[in-house]
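Engineer: Output the structure for:
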Amino acid sequence: MVPEAEAQDVLDELQRLRARVPLLTGALAASTDGLVVAHDTPGIEAEGVAALTAAALGVSIRMTDATGRGGFRELLIRGGSGYIATYAAGSSAVLTLLAEDRINVGRLHLEGRRAGARIGEMVDATQDSADRPVPAPRTQQSRALPRRTTPDAT
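Structural biologist: Residues are numbered from 1 along each chain as shown. Here you go, the predicted model:
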């Protein structure tokens, strides 16, 4: 889905995000269909979280559509030991953050939305370039110039 160089850029963004927000315990970028783009999730199975994120995203999109609330932006789940927050990241990816229960939720949203926007730009730029048709290779053909004709003088 995303070339290796772009996946490394996304991973770098995830690591910077975790450095800025110390109570984050994991960060994962995935395609909307549940494939891992990059992750910094120690002790967590990234593929499983990406698949569950895609399932939750599907339900969230249906909910926003059914209630007339517009396109999906984010989802926040609070468990007994912390939070799981998922943010839209462009048109084809999502950012999922795992956080301790002591996190400032406002800061989580602020940082998650910003990182989601940056990751979305990276992933969408990759998708845009992949969607462009590759020009056909030029071949060396001899191209005869058209003959010049002169009107017949009669």
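
Engineer: Listing request: residues of this structure with sub-threshold pLDDT.
Structural biologist: The model of the chain has pLDDT under 70 over residues 1, 128-154.

Engineer: just the helices in it please.
Structural biologist: Assigned by DSSP state H, the chain shows helices spanning 4-20, 46-66, 105-131.

Engineer: Just put those in CSV and tack on mean neighbour count and distance to His39.
Structural biologist: All C-beta atoms are positioned from the backbone trio N, CA, C, and that covers glycine. Supplementary listing: the helices of the chain in CSV, determined by neighbours: other C-beta atoms under 10 Å; distance: least, C-beta to C-beta, whole Å:
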stretch, mean neighbour count, distance to His39
helix 4-20, 16, 7
helix 46-66, 15, 4
helix 105-131, 17, 12
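
Engineer: Kindly provide the distance from the closest residue to Arg118 other than its chain neighbours to Thr25.
Structural biologist: In space, Arg118 comes closest to Glu13 once its chain neighbours are excluded; the distance is 5.7 Å by C-beta to C-beta, 6 or more residues apart in numbering. Counting by C-beta to C-beta, to the nearest Å, the gap from Glu13 to Thr25 is 17 Å.

Engineer: what does Gly48 give?
Structural biologist: 16 Å.

Engineer: If we ignore the residues flanking it in sequence, what's nearest the residue most central in space within the chain?
Structural biologist: Centroid-nearest residue in the chain, with C-alpha atoms, centre = their mean: Ala93, separated by 3.0 Å. Distances taken as C-beta to C-beta, 6+ apart place Val123 nearest to Ala93, at 4.3 Å, with adjacent residues excluded.
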